[in-house]
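Asks: Just need the structure, nothing else, for what follows:
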Amino acid sequence: MQWTSAPNIGEAPLPQRARGFWKTGISDVAEGLERLLERERAQLPPWIAVGLGTGIAAWFAIDSRIGWAAFLCISAALALSGLAFGGGRAGRALAWFAFAAAVGFALIWARSEWVAAPRRASIAPSSPWCRARSSGSTISPPRAPSA
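Replies: You can find the predicted model right below:
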């Protein structure tokens, strides 16, 4: 019996069917997604509110400032990649959703910082409350009339 080695196929070209397998599969999925989004185009604008809510919910779920900054960066990157790589409706939908999530996140972050900031007293200096506080005396609430 004669032993032979297996043929070297390292340089052999792939068959035509195997060459375009992934390309055709991905393009079929992309075309199907575009057809779906085209049929449901009236349902896309309400997803802006969902994106805002997603950003707000993410702010409550993430507990550090580094995580907050990372969420904003990731949302911005998704929005830009949706515009850059997605030429159709799917790319624009991804961009708007990610942008809405970033805006919702930024709004709740700004609101929380604004609420946590110290405030100046809004009591007028001529009110009896301010005069009593500055003199060290206290003002007791009015008593109910005795019957």
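Asks: need the contact list for residue 106.
Replies: Applying Cβ atoms under 8 Å, 6 or more residues apart in numbering to residue 106 gives the contacts 55, 72. To be clear about C-beta, it is placed using only N, CA and C from the backbone, and glycine gets the same treatment.
Asks: 10 Å instead, please
Replies: 55, 59, 68, 71, 72, 75 (Cβ atoms under 10 Å, 6 or more residues apart in numbering).
Asks: cool, residue 78 as well?
Replies: So residue 78 contacts 94, 95, 97, 98, 99, 101, 102 (Cβ under 10 Å, 6+ apart).
Asks: Now name the helix or strand holding residue 38.
Replies: Under DSSP states H and E, the secondary-structure element containing residue 38 is helix 21-39.
Asks: and after that helix, which helix or strand comes next?
Replies: Heading C-terminal from helix 21-39 (DSSP H and E), you reach helix 47-61.
Asks: can you dump the C-alpha coordinates of the next helix or strand after that next one into CSV?
Replies: Proceeding N to C from helix 47-61, the next assigned helix or strand is helix 65-85, under DSSP H and E. This file holds the C-alpha atoms of helix 65-85, laid out as CSV (Å, rounded to 0.1, in the frame of the first residue of the first chain):
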residue,chain,number,x,y,z
ARG,A,65,-20.2,59.1,37.0
ILE,A,66,-17.8,57.1,34.9
GLY,A,67,-20.6,54.8,33.9
TRP,A,68,-22.7,57.9,33.1
ALA,A,69,-20.0,59.3,30.9
ALA,A,70,-19.6,55.9,29.3
PHE,A,71,-23.3,55.6,28.5
LEU,A,72,-23.3,59.0,26.8
CYS,A,73,-20.2,58.1,24.8
ILE,A,74,-21.7,54.8,23.7
SER,A,75,-25.0,56.4,22.8
ALA,A,76,-23.2,59.1,20.8
ALA,A,77,-21.1,56.4,19.0
LEU,A,78,-24.3,54.4,18.2
ALA,A,79,-25.9,57.5,16.8
LEU,A,80,-22.9,58.3,14.6
SER,A,81,-22.5,54.8,13.4
GLY,A,82,-26.1,54.6,12.5
LEU,A,83,-25.7,57.7,10.3
ALA,A,84,-22.3,56.6,8.9
PHE,A,85,-22.9,53.0,8.1
